[in-house]
Structures are given as structure tokens and as C-alpha cells.
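Trainee: coords please:
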Amino acid sequence: MDIRLVALDLDGTTLSPDGAISDENIRSIREASERGVNVVISTGRVESALPDCVKNIDSIRYAITSNGSRITDLRTGECIHGDYLSRNALYRAIEIARDRNITIEAFYDGLAYIDRSLYDEIERNGCEYRNREYVLKTRIPCDDIYDRMYAHEDIIENINFFFPTPEILETYRDEIEAIPDAMITMSFPVNLEVGGPDTSKKKAIEVLMNMLGFDRSQVMCIGDAPNDIEMIKFAGIGVAMGNAWGKTTEYADYITDDNSHDGVAKAIDRFVLGR
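Mentor: Numbers count the residues shown, from 1 in each chain. Modelled structure (predicted):
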């Protein structure tokens, strides 16, 4: 088995439930890299929200962020691929958010923005369905999120709709999934994410794979959520975490352990390091 590229989702996959990365996962990533394997981050997070514990692994050179909208060379800081929302999709997403009063945030230039009133509310009172500390650390407040999106309408990487419960999300799913010229996915049970019409982790991995001179039989992808399904299906070896949800395991070639028990390290050991 000649795996030359390993793409790792972060939340629910490479990161443990407390947001850290285990020593075993770090060890397996470094050993794979020492054998010439390209270990790549492939996350729904915006680039600025990549955790230090991951960025500090110097053997990881490339990061796919915003569900495939952006590929960054972490060594140089260069954006080597960008894929953005169409204006039709952007305008319709804003219309839905305004009309339905749905919490929304936007990614562009590797940064994440939310409305200042929402940021201040979370700072004061927290949020039952979002991690307070994560939001305050990774989101930039702006006076009017819609004005900010209109002002950068040609470079919006991703739009996130957030809901208090999965049940409330379902009442809006059909309307959001009908947004034109857009790819709709989710990385948590309480959000729907809007990207460009051809934006996906799978497409970004294909771009990177071609740039590095590999074919799909040499790719392994590991994830836990619906936004990982396309890359899992595409990979020569598609791996779902033991804690995967949303039918993700149905598309995997192999199910590893969960993210509390070094599932990433165990998959790399098995398929890359031959242990």
C-alpha cells in the first residue's frame, strides 16, 4: 500500500474532545512525514482558527480550510487555491438569514466574522450550542455582518448558519439547501455551511493531489462528519472515526477508534506505517 497523502479533519477527528491533540496522534503524523508522506489538514475551520497545537507540528505543510475553499502553504503563508461563493448564493443566504433571523457568520481572507451584537451577547452570557471561548478567540466582531459580506462579496469562502437545536435546523434545511450555485454541508449537528458550487474538501484534496503528483489510490482521508463524506468517498482509503455521525461511516472503507482513543494514530499506523 503506497499512501503518499493523508488528509485529516480536525474537530471530532485529529483533535480530542477537549480540543487538544494527543501525543500518539502527533507521533504518527511525524513518523508518516519522515517516510515522505504529506500529512494535510482538511477542516471546516477558517484558517485563522487552526489551533496552535496543530500549526506547531512543523511536518504539516498544507492546510485545507473553510471546507475546501482555501488551501494554504503553512510554511510560506501563501494561499495556493481559492474557491468562493457566487453572488447569487451570497445574496440568497443573506436574505434567508435576515428574513428568518438566523445566526450567521462569514469567512474571507482566512478570517471569520460575526455581528458585534452576537459576539457581545456570547461574551456576556455564553451560548448553549456554541463554545464561548472558541467564539471569542476565533471570531472577529463587526458592526453589521451583512454589510461586511456585501463589501467583500467576491471573496466569501464560507457562510455558516447556526441553530439552537438540530430540530430547529431541520425546519430551515430545505430552504437553505435550495440556495442556488452553492454546496451545502454541515460539520456539527446545529449548523449548515454554504460554500461555492464546487467547493468541498474532496475538490481541494484533488487540487493538492494533482499539484504534488499523486493519484487517488495514494490518498487516505480521515473524518467524522457529513462535510468529510465526499473526501472519504474519493480517497483510495476512506476512514471514518469511531465517533462519526450523520451516516459518515456508511461511506468509509475502514472505521477506526474514536477521537478520545487516538483513532487517527491507529489508522495511520495501520495503513501508512504498516503496524
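Trainee: Need the residue closest to the centroid of this structure.
Mentor: Nearest to the geometric centre of the chain sits G44, at 1.5 Å (C-alpha atoms, centre = their mean).
Trainee: do you know how far it is from E167?
Mentor: 22 Å (C-beta to C-beta, to the nearest Å). Quick note: C-beta positions are derived from backbone N, CA and C, even for glycine.
Trainee: so the nearest residue to D73 once chain neighbours are set aside is in which element?
Mentor: Nearest residue to D73, sequence neighbours excluded (C-beta to C-beta, 6 or more residues apart in numbering): I80, at 5.7 Å. Assigned by DSSP states H and E, I80 belongs to strand 78-82.
Trainee: The residue nearest to the centre of the chain against G195, yeah?
Mentor: No: using C-beta atoms under 8 Å, G44 makes no contact with G195, being 9.5 Å away.
Trainee: Overlap in contacts, the two.
Mentor: Both G44 and G195 are in contact with 66-67, 158, 185, where contact means C-beta atoms under 8 Å, 6 or more residues apart in numbering.
Trainee: Just name whatever secondary elements the strand holding I80 is in contact with.
Mentor: Applying 3 or more C-beta pairs under 8 Å, 6 or more residues apart in numbering; DSSP states H and E, we find strand 78-82 packed against strand 70-73, helix 201-212.
Trainee: would you list these in JSON lines and tack on distance to V190, mean neighbour count and mean pLDDT?
Mentor: Converted to JSON lines, the helices and strands packed on strand 78-82 look like this (distance: least, C-beta to C-beta, whole Å; neighbours: other C-beta atoms under 10 Å; pLDDT from 0 to 100):
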{"stretch": "strand 70-73", "distance to V190": "23", "mean neighbour count": "21", "mean pLDDT": "97"}
{"stretch": "helix 201-212", "distance to V190": "20", "mean neighbour count": "20", "mean pLDDT": "96"}
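Trainee: Of all these, which one is nearest I179?
Mentor: Closest to I179 of the helices and strands packed on strand 78-82 is helix 201-212 (C-beta to C-beta; 18.1 Å).
Trainee: can I have the closest one written out in PDB, keeping just the CAs?
Mentor: Backbone C-alpha positions of helix 201-212 (Å, rounded to 0.1, in the frame of the first residue of the first chain) are rendered in PDB as follows:
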ATOM      1  CA  LYS A 201     -12.800  19.100   0.900                       C
ATOM      2  CA  LYS A 202     -12.700  16.500  -1.800                       C
ATOM      3  CA  LYS A 203     -12.200  19.000  -4.600                       C
ATOM      4  CA  ALA A 204      -9.400  20.800  -2.600                       C
ATOM      5  CA  ILE A 205      -7.600  17.400  -2.000                       C
ATOM      6  CA  GLU A 206      -7.900  16.700  -5.700                       C
ATOM      7  CA  VAL A 207      -6.200  20.000  -6.400                       C
ATOM      8  CA  LEU A 208      -3.400  19.400  -3.900                       C
ATOM      9  CA  MET A 209      -3.000  15.800  -5.000                       C
ATOM     10  CA  ASN A 210      -2.500  16.800  -8.700                       C
ATOM     11  CA  MET A 211      -0.100  19.600  -7.700                       C
ATOM     12  CA  LEU A 212       2.000  17.100  -5.700                       C
END
